[in-house]
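Asker: sharing a model prediction with you, sequence too.
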Amino acid sequence: MGYDITDYLPVLEIAGSPGYGLGEYGRLVNYDYKKHHADLIIEEFFQQFADYCHSSGVDCRVQPYMAPTDLLRAYGLLDILEIEASAKQASTRPITRPRPAPRLQRRPRVW
């Protein structure tokens, strides 16, 4: 980022707040914040969870599809991929499947 984002917390567009309208600069600050938040979710939750599972000798399984993070990175850490869909959803619209995520990260085996 190159700057202290805490100075800009009042202008962030989070939790439905419109922020203070700093134009393009405000959009860049919001992007930096959301990217940093997404990276922290990967590093401090999904990576930690996957490491713990693997060190315990079990496969990692979680549903990250609603997490505000990079879903390809999150799914790429897992051993067992999960999504939720009802029969009605499956018949009326295609469901995005996370299957390619581990392959993109060159993971050897995924259920």
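Answerer: Looks like it arrived, so ask away.

Asker: how near is the residue lying closest to residue 59 once chain neighbours are set aside to residue 38?
Answerer: Closest residue in space to residue 59, ignoring its immediate chain neighbours: residue 79 at 3.8 Å, by CB to CB, 6 or more residues apart in numbering. Quick note: C-beta positions are derived from backbone N, CA and C, even for glycine. For residue 79, the distance to residue 38 equals 22 Å [CB to CB, to the nearest Å].

Asker: tell me who's in contact with residue 69.
Answerer: Residue 69 sits next to 37-39, 41-42, 46 when contact means CB atoms under 8 Å, 6 or more residues apart in numbering.

Asker: what subset of those residues is buried?
Answerer: Neighbour counting with 16 or more other CB atoms under 10 Å marks 38, 41-42, 46 as buried within these.

Asker: hey, C-alpha coordinates of the helix or strand harbouring residue 26 in CSV?
Answerer: Taking DSSP states H and E as the definition, residue 26 sits inside helix 23-41. Extracted in CSV, the C-alpha atoms of helix 23-41 (Å, rounded to 0.1, in the frame of the first residue of the first chain):
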residue,chain,number,x,y,z
GLY,A,23,-13.5,10.5,-6.1
GLU,A,24,-10.9,8.4,-7.7
TYR,A,25,-8.5,8.6,-4.7
GLY,A,26,-11.4,7.3,-2.5
ARG,A,27,-11.9,4.4,-4.8
LEU,A,28,-8.2,3.5,-4.6
VAL,A,29,-8.3,3.6,-0.8
ASN,A,30,-11.3,1.4,-0.8
TYR,A,31,-9.7,-1.0,-3.1
ASP,A,32,-6.6,-1.2,-1.0
TYR,A,33,-8.6,-1.8,2.2
LYS,A,34,-10.7,-4.5,0.6
LYS,A,35,-7.7,-6.2,-0.9
HIS,A,36,-5.9,-6.1,2.4
HIS,A,37,-9.0,-7.5,4.2
ALA,A,38,-9.3,-10.3,1.7
ASP,A,39,-5.6,-11.2,2.0
LEU,A,40,-5.9,-11.3,5.8
ILE,A,41,-8.9,-13.7,5.5
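
Asker: avg pLDDT for it?
Answerer: Averaging pLDDT along helix 23-41 gives 84.
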